[in-house]
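Asks: sequence unknown, structure follows:
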């Protein structure tokens, strides 16, 4: 774009001096042509006036000559015929003498006029020559004027094209500035989101190493999902507690089913087991949705005691997995504290499993166990499984932000020539 602009500017600059020179020459030629036209008109006017005077004198002289000839002819005929008396003859000769005198006077006048007109005639002749010369110059100037006008029109057209290109470049520059501003704003926002994400990852203490068994299990589940469309994933990956305070309790409720793999049918489960045997990928528990024995939670537990609710009600999941969570949760209640659980199980004598928020369990038979689970993994608390999902999500977000920043940086490189283009446009 910068090259196009510079090329257009160079063309405009190269045309400008030539256009100015042509305009100046055109104005000079037009001015001189106008002066010559005025001079020619003046000479023509003077010539016409002089010609009129000569014509009048020549006409008068001609009339005198004609009258003299007619008179002499008539008188000669009368004398020859003897028709004139002596008195008339005397009068004839007297009149003839007067006519000769008048004729001589007119001739003197004519000679005087011709003498007076000699310089005028010379001037007129010179004027005619000058006129012819001027007419020749006019014709040449007219011939020169035509190509100059053509050239000026071409230059005006070319200049208009250059100006259109300049406006187009200015418009493109404005668009580039707008797009760059948007990208810079997106870069700032993405950097801020990345910073927050990294802080969360740091707070989640993600520096610990996963156990070999967890790594192997994750890889196995991913392989099964690629091989068999009916594989949904681990139970722990398919749900999320409705609140952070329920994480420990739900870890205890789901217990050994946390790593159970949910599949659509018993046949899919069999195929997965055979695949794992061939790959020697270890063992796993499967929950087939078509054959699993599951019961809906009894409605009475939803309003049985304040501060207690069915475990299945404190997790979010897709309804297509309802049977799997009904099977894993049963009628287990999650209580806000141990006192509420004791009131339900001991005081009111209900044969139901109750788990407090700190993970303490009262079993149906009345046994009471502590609030942590060894199945959660080394170096992790009871809510470790839920933190794994949070960490995985944060990692995914972090990777997405990094990809976005790379794309923004790549896009911003397209605008490296914008500053030079804007500076060049401002100078011109």
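Replies: Yep, that arrived. Note that this is a predicted model, so its numbers are computed, not measured.
Asks: tell me the average confidence for stretch 313-329?
Replies: Taken as a whole, stretch 313-329 carries a mean pLDDT of 94.
Asks: which residues are in contact with it?
Replies: Outside of stretch 313-329, the residues within contact range by C-beta atoms under 8 Å, 6 or more residues apart in numbering are 232, 235, 238-243, 246, 249-250, 253-254, 257, 260, 262, 287, 289, 292-297, 302, 310-312, 334. Backbone N, C-alpha and C define where each C-beta goes, glycine included.
Asks: Go again with 6 Å.
Replies: 238-242, 246, 250, 253-254, 257, 262, 287, 289, 292, 294, 311-312, 334 (C-beta atoms under 6 Å, 6 or more residues apart in numbering).
Asks: which of those count as buried?
Replies: Among the contacts of stretch 313-329, those that count as buried by neighbour count (16 or more other C-beta atoms under 10 Å) are 238-241, 246, 250, 253-254, 257, 262, 287, 289, 292, 311-312, 334.
Asks: since we're on the closest residue to residue 193 other than its chain neighbours, how many residues are nearby?
Replies: Leaving aside its sequence neighbours, residue 193 sits nearest to residue 401 (C-beta to C-beta, 6 or more residues apart in numbering; 5.6 Å). Close neighbours of residue 401, defined as other C-beta atoms under 10 Å, add up to 20.
Asks: packing partners for the host helix or strand of residue 401?
Replies: Using DSSP states H and E, residue 401 maps to helix 384-412. Contacts defined by 3 or more C-beta pairs under 6 Å, 6 or more residues apart in numbering; DSSP states H and E place helix 384-412 against helix 86-203.
Asks: Next secondary structure element downstream of the helix it packs on?
Replies: From helix 86-203 onward toward the C-terminus, using DSSP H and E, the following helix or strand is helix 212-227.
Asks: Check which element follows that next one along the chain.
Replies: strand 231-234.
Asks: does residue 411 really touch residue 182, like I thought?
Replies: No - applying C-beta atoms under 6 Å as the test, residue 411 and residue 182 come out as separate, 9.7 Å apart.
Asks: So these two - more neighbours on which side?
Replies: Neighbours were counted for residue 411 and for residue 182 using other C-beta under 10 Å; residue 411 has more, 15 against 12.
Asks: check contacts around the more buried one.
Replies: Counting by C-beta under 6 Å, 6+ apart, residue 411 has contacts residue 183.
Asks: Excluding sequence neighbours, find me the nearest residue to residue 283.
Replies: residue 276 is the one closest to residue 283 (C-beta to C-beta, 6+ apart), at 7.3 Å.
Asks: distance of that neighbour from residue 240?
Replies: As judged by C-beta to C-beta, to the nearest Å, residue 276 and residue 240 stand 27 Å apart.
Asks: Could you do residue 262 as well?
Replies: Counting by C-beta to C-beta, the gap from residue 262 to residue 240 is 15 Å.
Asks: what ranges do the helices span in the stretch 201-350 of the chain?
Replies: 212-227, 247-254, 266-279, 322-329, 338-342 (DSSP state H, counting those that start in this stretch).
Asks: Could I get the ones you listed in JSON lines, plus columns for distance to residue 140?
Replies: Output for the helices of the stretch 201-350 of the chain, formatted as JSON lines (distance: least, C-beta to C-beta, whole Å):
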{"stretch": "helix 212-227", "distance to residue 140": "92"}
{"stretch": "helix 247-254", "distance to residue 140": "103"}
{"stretch": "helix 266-279", "distance to residue 140": "102"}
{"stretch": "helix 322-329", "distance to residue 140": "104"}
{"stretch": "helix 338-342", "distance to residue 140": "118"}
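Asks: just checking, which of the ones you listed sits deepest inside the structure?
Replies: Highest mean neighbour count of these: helix 247-254, a mean of 26 (counted as mean count of other C-beta atoms under 10 Å).
Asks: For it, name the packing helices and strands.
Replies: strand 354-356.
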